[in-house]
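Participant: Okay, structure incoming, though there's no sequence with it:
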DNA sequence: AGTGCGATATATCGATCCGATACAACGACG
DNA sequence: CGTCGTTGTATCGGATCGATATATCGCACT
């Protein structure tokens, strides 16, 4: 979810599209890129939605709402910032913990803003993600077991390495879940909350 | 490169689109998926290119070349097989070792057919891929070093885990390259080939 | 003083691929 | 005898990429 990434980063500070892209590359670089071909259309859509507004830094009076001209010819620079609706929308996204949140691409973005997410939503997403990744691991594992004898060295190497990566992610997620559980227990201990069942 | 994946798998054995998809999931599952939304249009394109042909298994006489009808209504099953041009095209792809071959998605597919690729092309691709991944690693590493103090626990965790994954890939590639080098030395020793510079 | 390169910056275009969905036939199972 | 899961083909809209065009700015080199 590109939309959430943009809202989240603009929530930290207003910036140019260009800057936005560099930040995305730095934060999500291990998982996802962000091309201009998605960025600028996304910014346009979001401006139309009213979630962000663009402002010309050379002429502060010239605010660019929904219907701004395409800036052809002499192009101005635009600093984007969240509107009230944008902040609202971001908060709304933070509370969503449905199955979409633990799909490959979404999860990375979702996780990057965990610090602003409620503990129970964090837990739901981490456990959902783990289930998801375990499923894939099991599928790959059995497929590998079946074909092990029949394939060449390189295919085997590729599948083994893929399986290792997935195994590592499961372990990483388990560590995070353990950590969350400890945090929760500490809160429960001092705050006497009932121990919620995490389904 | 979806095209190469299909050609490569059909080179092993003719099969249905559906089967093709399952094989792709099994072999590349750790890296890439394959949706029907890409598969069937791709098969159609490739049939138009003359690389593959489809044949109705219930009526072997009914071969489906380039301009076959969309099979609406009563849909027949289609077994796809490589044509002579298709085999040629696949061999051609196997010899290509340019920069495209070591980009994220391409590399996995490329690597899966390494057993049918020349040793020097294998080496070029492995080293190119390693350079590519090292670049990303260094970018991420310095970005992480710069922001380490300023970000929250989850962002840090995400970036660290991403960096670890990339580090692991570099090590994996290095092991493969070492192995290739050993193989080459053995051939050079017994076969007295001149030690090629791998630029 | 010129010049030329790399970074900053906005924007679009075509192509690729995904996700969801529809449709249909077949076999297993109760 | 129905109905559920698997096999199987196909399309649609939407998201995203990769390449490219354009323009400005600062800095180094000559």
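Facilitator: Structure received. Since this is a predicted model, take the numbers as computed values, not measurements. Numbers count the residues shown, from 1 in each chain, chains lettered A, B, ... in the order given.
Participant: For residue A:138, give its distance to chain B.
Facilitator: Noted for residue A:138: a distance of 11 Å to chain B, by CB to the nearest CB, to the nearest Å. From N, CA and C alone the C-beta is placed, and that goes for glycine too.
Participant: Got the domain ranges for chain A?
Facilitator: Annotated domains of chain A cover A:2-66+A:79-99, A:118-191 [automatic domain parsing].
Participant: Mean confidence (pLDDT) on the longest one, please.
Facilitator: Same thing as domain A:2-66+A:79-99. Average pLDDT, domain A:2-66+A:79-99: 87.
Participant: what packs against whatever helix or strand residue A:38 lives in?
Facilitator: Assigned by DSSP states H and E, residue A:38 falls within helix A:36-49. The contact analysis (3 or more CB pairs under 8 Å, 6 or more residues apart in numbering or on different chains; DSSP states H and E) places helix A:36-49 against helix A:2-12, helix A:17-28, strand A:52-55, helix A:84-95.
Participant: Of these, flag the one that's most buried.
Facilitator: strand A:52-55 (a mean of 22; mean count of other CB atoms under 10 Å in any protein chain shown).
Participant: now the helix holding residue A:38 against helix A:84-95, angle please.
Facilitator: Relative orientation of helix A:36-49 and helix A:84-95, computed by axes from the mean of the first three to the mean of the last three CA atoms, to 10 degrees: 120 degrees.
Participant: is helix A:36-49 anywhere near DNA strand D?
Facilitator: Yes. Helix A:36-49 reaches DNA strand D (CB under 7 Å from any atom of the strand) through A:36, A:37, A:38, A:41, A:42.
Participant: and the spatially most central residue of chain A, helix, strand or coil?
Facilitator: Central residue of chain A (CA atoms, centre = their mean): residue A:109, 0.8 Å from the mean position. Under the three-state scheme (DSSP: H, G, I helix; E, B strand; the rest coil), residue A:109 adopts helix.
Participant: quick one on the thing from earlier: in the helix holding residue A:38, what's buried?
Facilitator: The neighbour-count check on helix A:36-49 (16 or more other CB atoms under 10 Å in any protein chain shown) flags A:39, A:42, A:43, A:46, A:47 as buried.
Participant: Pull the residues that contact stretch A:27-46.
Facilitator: A:2-3, A:5-7, A:9, A:17, A:20-21, A:24-25, A:52, A:54, A:80, A:86, A:105, A:108-109, A:112, B:136, B:139-140, B:143, B:155, B:158-159, B:161-163, B:165-166 (CB atoms under 8 Å, 6 or more residues apart in numbering or on different chains).
Participant: er, stretch A:3-21 I mean
Facilitator: With CB under 8 Å, 6+ apart, stretch A:3-21 has contacts from A:23-24, A:27-28, A:34, A:36, A:39-40, A:42-43, A:46, A:51-52, A:77-82, A:86-87, A:89-90, A:93, A:109-110, A:112-113, A:116.
Participant: And for stretch A:165-182?
Facilitator: Residues from elsewhere that reach stretch A:165-182, judged by CB under 8 Å, 6+ apart: A:119, A:122-123, A:126-127, A:129-130, A:133-134, A:136-137, A:140, B:30, B:157, B:161, B:164-165, B:168.
Participant: quick revisit: which one of the helices and strands packed on helix A:36-49 lies closest to residue A:148?
Facilitator: Counting by CB to CB, residue A:148 lies closest to helix A:17-28 out of the helices and strands packed on helix A:36-49; the figure is 34.7 Å.
Participant: and the closest one with helix A:36-49, angle?
Facilitator: 110 degrees.
Participant: is any part of helix A:17-28 close to DNA strand C?
Facilitator: Yes. Interface with DNA strand C: helix A:17-28 contributes A:17, A:18, A:19, A:22 (CB under 7 Å from any atom of the strand).
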